[in-house]
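A.B. asks: I need the structure of the sequence given here:
(chains A, B, C and D)
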Protein chains: 2
Amino acid sequence: MSVYTPAQVADETGFSIDTLRYYERIGLLEPVSRTASGRRRFSEDDVAWLGWLRCLRDTGMPIADMLRFAELARGDDSTIPERVALLEAHERRVEEHIADLRAKRSRIRDKIAYYRSLGPA
Amino acid sequence: MSVYTPAQVADETGFSIDTLRYYERIGLLEPVSRTASGRRRFSEDDVAWLGWLRCLRDTGMPIADMLRFAELARGDDSTIPERVALLEAHERRVEEHIADLRAKRSRIRDKIAYYRSLGPA
DNA sequence: ATGTCACCTGGAGCGCACTCCAGGTCAAGC
DNA sequence: GCTTGACCTGGAGTGCGCTCCAGGTGACAT
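C.D. replies: Numbering: from 1, shown residues only, chains lettered A, B, ... in the order given. Sure, this is the predicted structure:
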């Protein structure tokens, strides 16, 4: 059962140490366990949860929503329907975002092709 | 050759009137023509350019880069290679972003499926 | 004439998500 | 035993991209 220092977790999750502290402070992370001298020791579970947070954040979920999800995830099974609802709504937004990006990427490609058609330098 | 009021342009482009003024102020838009009393009258070209800016914005291009592109686009044909380079770099980032979103959307779906597997409420 | 309303300017303010800082504590290597 | 350096806390600061405000002007309907 391994534990990790802040630097190791930052390295693995891509969150800065400051962000890890910030996430703990606002309650996205449950209080991380400490050594006798007060230094953080992240558990395997902490790291897994951070991986999940990264997924939500990178798909554009606002901190406020992640906070709500974290709260639900700390609750019992009766919160599962709301967790599902929250994730489904998020997933729909992500899908729309992907569709929009694809359409706009194509427009960018067209512009590049147009510039190219003006005669390669 | 039609012209548009700020409200019409806001409506068509999805940018707020404040954002239109802001874009003009920072030079993303060339000075928009005015009526005798100083009100903006956007041309068809202004609206088309704003549509293009929206494409860049919505695909995550920072304002600073859009500004650079705007500058190049005001230049002569010798700037075309740099415009192409800028757009190609951007397009690559957009593609990576799409790939990342797709992978993470799938992770979100898995989580939803997992919650569902725990027994539908 | 009057009221309403869209619009103008310059500049201040805001929300988000961090990021940095000062001042301090411990652990380990030389 | 001393230095180095990773880490601690509370709180202030930052960057981005808008967004809002005060105070004012002009156009148009009644």
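
A.B. asks: Just give the nearest non-adjacent residue to residue A:116, would you?
C.D. replies: residue B:84 (6.8 Å; CB to CB, 6 or more residues apart in numbering or on different chains). For every residue, glycine as well, the C-beta is placed using N, CA and C.

A.B. asks: Now that neighbour: which helix or strand?
C.D. replies: Using DSSP states H and E, residue B:84 maps to helix B:80-117.

A.B. asks: I'd like the average pLDDT over that helix.
C.D. replies: Confidence over helix B:80-117 (mean pLDDT, whole number) is 98.

A.B. asks: For that helix, which helices and strands make contact with it?
C.D. replies: Judged by 3 or more CB pairs under 8 Å, 6 or more residues apart in numbering or on different chains; DSSP states H and E, the packing partners of helix B:80-117 are helix A:44-58, helix A:80-117, helix B:63-74.

A.B. asks: Give me whichever of the ones you listed is most buried.
C.D. replies: Comparing these on average neighbours per residue, with mean count of other CB atoms under 10 Å in any protein chain shown, the densest one is helix A:44-58 at a mean of 17.

A.B. asks: Please see if the helix holding residue B:84 touches DNA strand D.
C.D. replies: No. Figure legend: helix B:80-117 not in contact with DNA strand D (CB under 7 Å from any atom of the strand); closest approach 12.6 Å.

A.B. asks: quick check: angle from that helix to helix A:44-58?
C.D. replies: For helix B:80-117 against helix A:44-58, the angle by axes from the mean of the first three to the mean of the last three CA atoms, to 10 degrees is 130 degrees.

A.B. asks: Would you mind giving both backbone torsions of residue A:34?
C.D. replies: phi -130, psi 160 (degrees, to the nearest 10).

A.B. asks: mind checking how far it is from chain B?
C.D. replies: 29 Å (CB to the nearest CB, to the nearest Å).

A.B. asks: tell me the contacts of the closest residue to that residue other than its chain neighbours?
C.D. replies: Once flanking residues are discounted, residue A:34 sits nearest to residue A:40: 6.1 Å by CB to CB, 6+ apart. By CB atoms under 8 Å, 6 or more residues apart in numbering or on different chains, the contact set of residue A:40 is A:5-6, A:20, A:32-34.

A.B. asks: and those residues near DNA strand D, which?
C.D. replies: Of the residues in the contacts of residue A:40, proximity to DNA strand D by CB under 7 Å from any atom of the strand holds for A:5-6, A:34.
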